[in-house]
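Trainee: need the 3D shape of this:
(2 chains)
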Number of protein chains: 2
Amino acid sequence: MALIVQKFGGTSVGDVERIQNVARRIKATVDEGNQVAVIVSARSGVTNELVARAKAINPRPDEREMDMLLAVGEQETISLTAMALHALDQPAVSRTGRQAGFLTDGAHTRARIIEITGGDINKRLDSGEVVIVAGFQGTTDDGQVTTMGRGGSDLSAVALAAALKADICQIFTDVEGVYTADPRIVPNARKIPEISYEEMLELAAMGSKVMQARAVEFSQKHDVIFEVRSSFNTNPGTIVKAEVPSMEDVEVRGVALDKNQAKVTVTDLPDKPGAAAKVFEAIGRANVVVDMIVQNISRGGAANLTFTVSIDDVHKAVEAVENALPGIGGGTVNYTGDIAKVSVVGVGMRSHAGVAAKLFSILAEHGVNIQMISTSEIKVSVAIDMEDAIKATQAIHDGFDLGA
Amino acid sequence: MALIVQKFGGTSVGDVERIQNVARRIKATVDEGNQVAVIVSARSGVTNELVARAKAINPRPDEREMDMLLAVGEQETISLTAMALHALDQPAVSRTGRQAGFLTDGAHTRARIIEITGGDINKRLDSGEVVIVAGFQGTTDDGQVTTMGRGGSDLSAVALAAALKADICQIFTDVEGVYTADPRIVPNARKIPEISYEEMLELAAMGSKVMQARAVEFSQKHDVIFEVRSSFNTNPGTIVKAEVPSMEDVEVRGVALDKNQAKVTVTDLPDKPGAAAKVFEAIGRANVVVDMIVQNISRGGAANLTFTVSIDDVHKAVEAVENALPGIGGGTVNYTGDIAKVSVVGVGMRSHAGVAAKLFSILAEHGVNIQMISTSEIKVSVAIDMEDAIKATQAIHDGFDLGA
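Mentor: You can find the predicted model right below:
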């Protein structure tokens, strides 16, 4: 007998029929002899409806009241899911975030988990009940309703799995698992059976948005093994867990394409100590995260600085730099969104030398010009022209022999 | 400065615009120098939607899960109402039933209030905030969500007023107050400025369904003065409070028509001790409340028994009697819904003799045949043919000079 935490997102519980499907799936897991605790999200669309209603009343709604409002979405789903299990003669009981002991700090709309007591969940599981817990929400120690922000239900699931010392946390979603590349771009991309937390984080951060980074980070920190799998079929998905030696047998686990970057160029910056630092300080104060950076000295003695940021932040970044430049001593800012970032990821790079060199040579063979490069222990990324993005991704996937 | 509890029902908070209207009304009360705590219901229609979804999933949904589900309706409205007040620069904060300390027993879907602590409401009011509390819902001492059944928000409002020792509880509704008769039937019916709890209870029970009886009873027990008034205009409504001597100056406060009754007749019942008692025991076991009763002996030595029940319960009542009759020694059951009950109500009857006689003579003058009669200290009721109902109500209203 295993203790399993299952998480179903908003699409999986989108209507009455889907909730009944979810209930059948849960019951099947119980019938195989497991204890099951479940995290559910709000029905898809409900959160957006609530936000729209709030904004119609107040364009800048109070964050505490937003949490009070948004928490109703999950409270609806937990009770309906419990009722659906009762209809299958499966004992079940619902629990709000508060009732399940999801204690958070008071940072409304983006609360962080402090502790999960689990309430009486273990007792209920031991008595043969399925416990359905509201994802995304928690409570402060003085009883205020909080929510955890985007991807909060994934975090709820792995945190509950950690608290209950579950054997595995199954994340049911609308994809079949984590792939060697986006199958819409690379038709022979392959589902990866097992992947390490680090690889998952790098791939997710690069655009394979299967799960929010902080849920993966939480799993890594608390050693929660989780599986990303489809809620529409019973195929095995991708197991995400701590690195094991055999994972290094392949040099690259997957290739990720990120088209959501913008390139900012600062030219004619005075070539004096601290000039670049001041630029990045200004960007940091604007809460913009810089990804890749290239700096070089032009012939006239002035410096050029090129970096990438998320396309969503580019206006904030450019404005921050423009405001800072007069104090630094001059310079000009330009930007373009016509850029893509392609990355190869894999813990195997630690033992396989020459991954970067092989990547560059593949791109050169296909006539793709590299504008910027960044590397980490398990990742090599290059910035290229947007128009080369798909060709490059396919070539890299083939070149590293990742296909089925 | 007064402390006022205001209650707005589902129609009053039915959409974004109406919530904004409610917020303006609350703010106007604050601007007059009052502290205001507010009880709101779910948006009209929301509760029915949730029930429909539950029944689609499980025709007999678990009552605990129904409470979990239904409580979301009010949680949505409290946050939206708080946001609407913020948009008017009025500090405000929402509170669920649990946060406001509405402690109930564990009888899910029909919970009874045990105690209201109020949480931090007094502190918030003192700091200039409006506190918006979810009606209809509470919590058990072990943190389960409960709801109080039909009319629960009215009960929440008067109970909160009692706990906060509010000066008055204003119930905003879709009628202007309590009238001397239903204005749709009696065009010159008059709004009653002040009425006693007993009169309100008798009139409400007779069909003037302005407020649920248990909210009125709670008010009477805890001496909460409340006002029933319109949420669509600023006219004063009807104040409901403990009886004062001047209330006895008028012999009749109002006339009520109840078309929701059925008459059940049991003929040829053996004329022996205990036969009637056994009939009513059987009805009681079926949880049906009997209203008016007439018993008489026919020439052949058999007894006839006639009584009225709510039209909703008539099939249950008839079935119960039919099953009991063989054990009693025979008899035949018949029923008709073609009956109306007209009542005159007023604490003035205690000091004005002859109200019943005057009522009978008014009906006789208008050719209305009386089938059954029942009386209490402050009420006289008669059962008449449904076809006489409107004529009789108008005649009584005129005869007791209740019109404007």
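Trainee: now do residue A:105 against residue A:42, distance only.
Mentor: As for residue A:105, its distance to residue A:42 is 22 Å (criterion: Cβ to Cβ, to the nearest Å). (Glycine included, C-beta is placed from N, CA and C.)
Trainee: let me fix that, I meant to ask about residue A:147.
Mentor: According to Cβ to Cβ, residue A:147 and residue A:42 sit 10 Å apart.
Trainee: hey, what's in contact with both of these two?
Mentor: Overlap of the contact sets of residue A:147 and residue A:42 (by Cβ atoms under 8 Å, 6 or more residues apart in numbering or on different chains) consists of A:70, A:136.
Trainee: the residue of the stretch 301-404 of chain A found nearest chain B - how many residues pack around it?
Mentor: Per Cβ to the nearest Cβ, the residue of the stretch 301-404 of chain A with the smallest distance to chain B is residue A:312, at 25.8 Å. For residue A:312, the neighbour count with other Cβ atoms under 10 Å in any protein chain shown is 10.
Trainee: torsion angles phi and psi at the closest residue to it other than its chain neighbours?
Mentor: Take residue A:312 and drop its neighbours on the chain: the residue closest to it by Cβ to Cβ, 6 or more residues apart in numbering or on different chains is residue A:260, 7.6 Å away. Dihedral pair for residue A:260: phi -100, psi 30, per degrees, to the nearest 10.
Trainee: quick check, residue A:260 in contact with residue A:309.
Mentor: No. Judged on Cβ atoms under 8 Å, residue A:260 makes no contact with residue A:309 at a distance of 10.1 Å.
Trainee: more neighbours: which of the two?
Mentor: More crowded of residue A:260 and residue A:309, by other Cβ under 10 Å: residue A:309, with 23 against 14.
Trainee: part of a helix, is that one?
Mentor: No. Read with DSSP: H, G, I helix; E, B strand; the rest coil, residue A:309 is strand and lies in no helix.
Trainee: residue ranges of the helices in the stretch 151-300 of chain A, please?
Mentor: With DSSP state H, counting those that start in this stretch, the ranges of helices along the stretch 151-300 of chain A come out as A:152-164, A:197-205, A:213-222, A:275-285.
Trainee: mind checking how far the residue at the greatest distance from the centre of chain A is from residue A:321?
Mentor: Distance from the centre of chain A peaks at residue A:300, with 43.7 Å (Cα atoms, centre = their mean). Distance of residue A:300 to residue A:321, computed by Cβ to Cβ: 20 Å.
Trainee: returning to what we had before: more crowded one of residue A:105 and residue A:42?
Mentor: For residue A:105 and residue A:42, the more surrounded residue by other Cβ under 10 Å is residue A:42, and the numbers stand at 28 against 14.
Trainee: remind me which helix or strand that one belongs to.
Mentor: Here residue A:42 sits in a region with no helix or strand, counting by DSSP states H and E.
Trainee: neighbours of the closest residue to it other than its chain neighbours, how many?
Mentor: The shortest distance from residue A:42 to any non-neighbouring residue, by Cβ to Cβ, 6+ apart, is to residue A:73 (2.6 Å). By other Cβ under 10 Å, the residues close to residue A:73 number 27.
Trainee: next, count neighbours for the one residue in the stretch 251-400 of chain A that gets nearest to chain B.
Mentor: Of all residues in the stretch 251-400 of chain A, residue A:287 sits closest to chain B, at 24.8 Å by Cβ to the nearest Cβ. The local packing of residue A:287 (other Cβ under 10 Å) involves 10 other residues.
Trainee: and the nearest residue to it once chain neighbours are set aside, how far from residue B:328?
Mentor: Among residues not flanking residue A:287 along the chain, residue A:316 sits closest, at 7.6 Å (Cβ to Cβ, 6+ apart). To residue B:328, residue A:316 is 86 Å away according to Cβ to Cβ.
Trainee: more neighbours: which of these two?
Mentor: Taking other Cβ under 10 Å, residue A:316 and residue B:328 do not tie; residue B:328 has more neighbours (19 against 15).
Trainee: could I get the buried residue list for stretch A:234-253?
Mentor: Neighbour-count burial for stretch A:234-253, counted by 16 or more other Cβ atoms under 10 Å in any protein chain shown, picks out A:237, A:238, A:239, A:240, A:241, A:243, A:247, A:248, A:250, A:251, A:252, A:253.
Trainee: biggest separation within these, which pair?
Mentor: Using Cβ to Cβ, these reach their maximum pairwise distance at A:237 and A:251, which is 23.5 Å.
Trainee: dihedrals phi and psi, the residue nearest to residue A:238 when sequence neighbours are not counted?
Mentor: Closest residue in space to residue A:238, ignoring its immediate chain neighbours: residue A:177 at 3.5 Å, by Cβ to Cβ, 6+ apart. Here is the backbone geometry of residue A:177 (degrees, to the nearest 10): phi 160, psi -160.
Trainee: now do the contacts for residue A:177.
Mentor: Applying Cβ under 8 Å, 6+ apart, the residues contacting residue A:177 are A:191, A:192, A:228, A:229, A:230, A:236, A:237, A:238.
Trainee: give me the below-cutoff pLDDT ranges for chain A.
Mentor: Confidence mapping of chain A against pLDDT under 70 gives the ranges A:205-209, A:298-299.
Trainee: residues from it in reach of chain B?
Mentor: Taking Cβ under 8 Å from any Cβ of the partner chain as the criterion, chain A approaches chain B at residues A:16, A:19-20, A:50, A:53-54, A:56-58, A:61-62, A:64-66, A:68-69, A:71-72, A:75-76, A:78-80, A:82-84, A:86-87, A:93-94, A:96, A:98-99, A:143-145.
Trainee: apart from its chain neighbours, what residue comes closest to residue A:92?
Mentor: Spatially, and ignoring its direct neighbours in sequence, residue A:92 is nearest to residue A:85 (3.7 Å; Cβ to Cβ, 6+ apart).
Trainee: flag every buried residue along the helix or strand hosting that neighbour.
Mentor: Taking DSSP H and E as the criterion, residue A:85 maps to helix A:63-87. Buried residues in helix A:63-87, counted by 16+ other Cβ under 10 Å: A:63-87.
Trainee: mind checking how far that helix is from the chain centre?
Mentor: In terms of Cα atoms, centre = their mean, to the nearest Å, the centre of helix A:63-87 is found 23 Å from the chain centre.
Trainee: after that helix comes which helix or strand?
Mentor: Going down the chain from helix A:63-87, the next helix or strand is strand A:92-95, by DSSP H and E.
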